[in-house]
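J.: 3D, please:
(2 chains)
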Amino acid sequence: AQKITQTQPGMFVQEKEAVTLDCTYDTSDPSYGLFWYKQPSSGEMIFLIYQGSYDQQNATEGRYSLNFQKARKSANLVISASQLGDSAMYFCAMREAYSGAGSYQLTFGKGTKLSVIP
Amino acid sequence: DTGVSQDPRHKITKRGQNVTFRCDPISEHNRLYWYRQTLGQGPEFLTYFQNEAQLEKSRLLSDRFSAERPKGSFSTLEIQRTEQGDSAMYLCASSLGGAPMSEAFFGQGTRLTVV
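T.: Got it, this is the predicted structure:
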């Protein structure tokens, strides 16, 4: 089974509008972390936001917020007031605290390509 | 220190040749990771170092792949006898130890094309 599922291969949003990128995850670990990364065409993965499994409140970082619904195992990224520079691939990832050897490796989804329309 | 640095950014090689990539992590980061990203996919974990010790290797890391991190600073990833299926973006990341959920910072990657 996929550990991270991103069901939207591509999304369009009008500039200045908000957009939600979906992410569902699968784990039996009680302790895990969820991350969102942005990958522009240059290739670098840019860290956006982090949510811990025990965090009571949804994470926010500037225009980014994470809608964390633990019972549904979803961690959707909300981008408010979209800008042209937000056009990129967005990846959801998970780190399970008790994965083998304590390696802290990230498991990524397949990503969502966001296009911001002027 | 401006972040994780990878060299080269692009590499074209003929099938059967050996290639080596270098990664310089953020200086105070003791954890270093290698990932591979093929077209249309998210990055996939290859291997992980804590300081100079290679603590985990993915099944994706065949015998033709070897990674080192001498002295716990920069790391190299070597692919021997390259195959066309090795064509991918190779990403390096580093993170600070002590906090299990600390975010990993990625370099810009090395894009390998095997012809």
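J.: Any idea what residue A:36 is bridged to?
T.: With DSSP bridges as the criterion, residue A:36 is bridged to residue A:49, residue A:92.
J.: now the strands for chain A?
T.: For chain A, applying DSSP state E gives strands covering A:4-5, A:10-14, A:19-21, A:24-25, A:32-39, A:46-52, A:60-61, A:64-69, A:74-79, A:88-96, A:107-108, A:112-117.
J.: got it, and chain B?
T.: B:5-7, B:10-13, B:19-24, B:31-37, B:44-50, B:53-57, B:65-68, B:75-79, B:88-95, B:105-106, B:110-114.
J.: Format these as CSV; extra columns: mean pLDDT.
T.: Output for those, formatted as CSV (pLDDT from 0 to 100):
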stretch, mean pLDDT
strand B:5-7, 96
strand B:10-13, 98
strand B:19-24, 98
strand B:31-37, 95
strand B:44-50, 93
strand B:53-57, 89
strand B:65-68, 96
strand B:75-79, 98
strand B:88-95, 95
strand B:105-106, 92
strand B:110-114, 97
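J.: Reformat those as CSV; add distance to residue A:55 and mean neighbour count.
T.: Yep, even glycine has a C-beta here, placed from its N, CA and C like the rest. Putting the strands of chain B into CSV (distance: least, CB to CB, whole Å; neighbours: other CB atoms under 10 Å in any protein chain shown) gives the following:
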stretch, distance to residue A:55, mean neighbour count
strand B:5-7, 32, 17
strand B:10-13, 39, 14
strand B:19-24, 31, 18
strand B:31-37, 22, 24
strand B:44-50, 24, 21
strand B:53-57, 26, 15
strand B:65-68, 33, 16
strand B:75-79, 32, 19
strand B:88-95, 19, 24
strand B:105-106, 21, 22
strand B:110-114, 35, 18
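J.: can I get these in JSON lines with distance to chain A?
T.: Shown next, in JSON lines, are the strands of chain B (distance: least, CB to the nearest CB, whole Å):
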{"stretch": "strand B:5-7", "distance to chain A": "9"}
{"stretch": "strand B:10-13", "distance to chain A": "10"}
{"stretch": "strand B:19-24", "distance to chain A": "13"}
{"stretch": "strand B:31-37", "distance to chain A": "7"}
{"stretch": "strand B:44-50", "distance to chain A": "4"}
{"stretch": "strand B:53-57", "distance to chain A": "4"}
{"stretch": "strand B:65-68", "distance to chain A": "13"}
{"stretch": "strand B:75-79", "distance to chain A": "15"}
{"stretch": "strand B:88-95", "distance to chain A": "6"}
{"stretch": "strand B:105-106", "distance to chain A": "4"}
{"stretch": "strand B:110-114", "distance to chain A": "7"}
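J.: What residues does chain A have near chain B?
T.: When proximity is defined by CB under 8 Å from any CB of the partner chain, chain A lies next to chain B at A:4, A:31, A:33, A:35, A:37, A:42-47, A:50, A:52, A:91, A:93, A:95, A:97, A:100-111.
J.: Are any of these buried, and if so which?
T.: A:4, A:33, A:35, A:37, A:43-45, A:47, A:50, A:52, A:91, A:93, A:95, A:97, A:103-111 (16 or more other CB atoms under 10 Å in any protein chain shown).
J.: if I read this right, residue B:61 contacts residue B:46, doesn't it?
T.: Yes - in terms of CB atoms under 8 Å, residue B:61 counts as a neighbour of residue B:46; the distance is 5.2 Å.
J.: Need the overlap of contacts for those two.
T.: Applying CB atoms under 8 Å, 6 or more residues apart in numbering or on different chains, one finds that residue B:61 and residue B:46 are jointly contacted by residue B:67.
J.: In chain B, which residue sits closest to chain A?
T.: At 3.1 Å from chain A, residue B:42 is the closest residue in chain B, using CB to the nearest CB.
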